[in-house]
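Asks: Here is a sequence with its predicted model. Questions after.
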Amino acid sequence: MSLLDIKGLNVSAGGHEILKGIDFSIEEGRTTVIFGPNGSGKSTLMGAILGLPGITVTSGTIVFKGRDITDLPVHERARMGIGLAFQYPPAVKGVRLSTLLDNIKDNDNFDLHVYSEMLNMDQYLDRDINLGFSGGERKRSEILQLMVQRPDLLLLDEPESGVDIENISIISKALSLILEKDKPLRKRRRSAIIITHTGYILDYIRADTACVIVGGYILGCGSPSEILAEIREKGYSQCMECYKDMVRGDTGGEQET
Amino acid sequence: MENKRLDEIISNENSRLEDIGYGGLPSCGNFLVMDASVLESMYAVDGLEVIPIFDAIEKYPRVREKLYFNLVDKNKSEYTRLASEAKPVGYYIRVEPGIKIDEPVQAAFMLGSTGSTQVIHNIIDLGQGSTLNILNGCTTSCQVFQGRHIGITEVYIAEGASLSYTMLHNWGENIEVYPVTGIRVDKDARFVSNYAAMTSVKKLVAYPTAWVEAGGSARFHSIIYSKNNSFFDMGARAVLEGEDSGAEIISRVVSEAGIVISRQMIEGKRPGCKGHMECSGLLLDENAVIHTIPELKGSHPDINLSHEAAVGRISSKELSYLMSRGLTEEEARSLIIRGFLDIGIEGIPPRIHDIIEDTIKKSVKGSV
């Protein structure tokens, strides 16, 4: 049984239809990377999976751990084991990072100091969440929160954007630890969906599958290295051509990239 | 001292007194008033004196002639006139020059009879280079539902002395409160006021004023949580009269109902004066009103005065961000409100800080 199973998902945001007939699934212990140009619906897909406000599922279902979560509120999905590292997390003035971590930890069976040291976040624990943080600090703060939250499905929205190479390395090591990349595949329990424009993160974290979203459609899924090589060579233009055909034919389903 | 009556009152009103921190901490002095009766007046440190104001006026010509109704004008309002005509009830706290005391003096003023008016007059007199913390609490007896409290406070902080003055108000829906406070901060002296009002009140009007001499500083920190039909007209004013004097006024208001007017003023008169104020309001309901009035007045070009003011609602982005971590909406709102009210007060003993934190937690928990 898949950890996450999405069928026929149509999603709108801000009065516009963004995702169209999405079918997508991910198994336990697997990592899927999602490629797509700006505005293709990648972040909307993550928002729909977590149930963020402003994102409306107009049809289709999202099943997580065998339960239909399509209508569950965001906090219940988080408690079931879905965690999102935001691309642009907001600052929360007055609430210290350590206070939030205290409130979201599922048990005391970890050493916060070890996690925060690994992410160079020790000195930020007593600061207001994300207030005055640089791009890299915000990304590290997001990953630290996920380390404490310990979700079974990690949604990582462009974890490497706006981050220098040193920070990508720090973030990737922490993510590899959460995703148990040191263990054989059959023993990993946590899964991840990673959105990336550039694919840089794949130099650090091995993904099992890659999918391409363009214009709200999943155009296809396959080998991450092959798809990335193709995108690097041809850009998304070839995918866009594919998308145009799809709209003309109104297939609404998957196509091979 | 009426020991039996004191024990009985402390026993009966234990939770009310605990809510304002009275009796819960080690202290160097205590002062407890119920209506117009002084029930407790003691001090246990050399160089400190905590006595009823009436006795101090009898004992010290300086109090009678130079401190009593000196910073507060007897004719300022009907409330000051009423206080000037009544037999003075309240404390006189004196610290001798050079004496530095860590443990706080605790004082509590309790309205014990429904329909009555309590009139209090306190004087604080810190000698040169001395240090003191005072934790004041004002509340009602658990059986009192309606009444009025008038409080005159005059504070004299001599050169190089330092006073941390914390006030917790815990009134009721039908109580009117009119504090009038004047503070003289001498050269290189320091005054920090921490004020918290977290329960309903019918009407509370206060606008303490500090006059600050060269090198001195005055800081006013206040947090207000307005509920029901409360009406607060609260603020602070600092008049920087000496060179290189400074002031900071930080006000945080959360309102789920009622009206809160928040007035702040800093006036810089001499070269090198610095002042900053922050007035922030969080509206939790469309029936709540917060009106902030920040004022800066400069009368010398070599000064630096600034302010920030903002009134708004809890950001939906912040709320959903916290909820995405697994917090319910109620938990997320509570965390944001508690964080908003946490103004990172510095310079007060950790135990007093804990009392303020507890007050915030209890209030927010019961409201969100």
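Replies: Noted; the coordinates are in hand.
Asks: rest of the way, CA atoms for contacts and neighbours
Replies: Noted.
Asks: Hmm, B:Glu40 is touching B:Met34, no?
Replies: No: counting by CA atoms under 8 Å, B:Glu40 stays clear of B:Met34, with 9.6 Å between them.
Asks: partner strands of the host helix or strand of A:Gly220, parallel or antiparallel?
Replies: Secondary structure from DSSP states H and E places A:Gly220 in strand A:217-222. The pairing partners recorded for strand A:217-222 under DSSP bridges are strand A:209-214 (antiparallel).
Asks: Show me the contact partners of the partner strand.
Replies: Residues from elsewhere that reach strand A:209-214 (CA atoms under 8 Å, 6 or more residues apart in numbering or on different chains): A:31-37, A:40-42, A:218-224, A:227, A:239-240, A:243, A:257.
Asks: Now restrict those residues to buried residues only.
Replies: Among the contacts of strand A:209-214, those scoring as buried are A:31-37, A:40-42, A:218-221, A:224, A:227, A:239-240, A:243 (criterion: 16 or more other CA atoms under 10 Å in any protein chain shown).
Asks: Any stretches of chain B with poor pLDDT?
Replies: B:1-6, B:10, B:345-349, B:351-352, B:363-368 (pLDDT under 70).
Asks: What residues does it have near chain A?
Replies: B:317-318, B:320-321, B:323-328, B:335-336, B:338-343 (CA under 8 Å from any CA of the partner chain).
Asks: Show the average pLDDT along stretch A:197-216.
Replies: Per-region confidence: stretch A:197-216 scores 90 on mean pLDDT.
Asks: same check, this time on stretch A:219-237
Replies: Stretch A:219-237 shows a mean pLDDT of 87 in the predicted model.
Asks: that older thread, export the strand holding A:Gly220 as CSV, just CAs?
Replies: What follows is strand A:217-222, C-alpha atoms only, in CSV (Å, rounded to 0.1, in the frame of the first residue of the first chain):
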residue,chain,number,x,y,z
TYR,A,217,-0.5,18.4,-15.3
ILE,A,218,2.0,15.7,-14.3
LEU,A,219,3.5,15.0,-17.6
GLY,A,220,5.4,11.9,-16.5
CYS,A,221,7.7,10.3,-14.0
GLY,A,222,10.9,8.4,-14.4
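Asks: now it: how far from the chain's centre is it?
Replies: Distance of strand A:217-222 from its chain centroid, counting by CA atoms, centre = their mean, to the nearest Å, is 16 Å.
Asks: which helices and strands does the following helix or strand past that strand pack with?
Replies: Next in sequence after strand A:217-222, counting helices and strands by DSSP H and E, comes helix A:224-234. In terms of contacts (3 or more CA pairs under 8 Å, 6 or more residues apart in numbering or on different chains; DSSP states H and E), helix A:224-234 is packed against strand A:209-214.
Asks: now the strand it packs on and helix A:224-234, what's the angle there?
Replies: Angle, strand A:209-214 to helix A:224-234, by axes from the mean of the first three to the mean of the last three CA atoms, to 10 degrees: 40 degrees.
Asks: Please write out the alpha-carbon positions of strand A:209-214 in PDB.
Replies: Output of strand A:209-214 as PDB, limited to C-alpha atoms (Å, rounded to 0.1, in the frame of the first residue of the first chain):
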ATOM      1  CA  THR A 209      11.800   8.900  -8.900                       C
ATOM      2  CA  ALA A 210      11.300  12.200 -10.600                       C
ATOM      3  CA  CYS A 211       8.100  13.700 -12.000                       C
ATOM      4  CA  VAL A 212       7.600  16.700 -14.200                       C
ATOM      5  CA  ILE A 213       4.700  19.100 -13.700                       C
ATOM      6  CA  VAL A 214       3.800  21.600 -16.300                       C
END
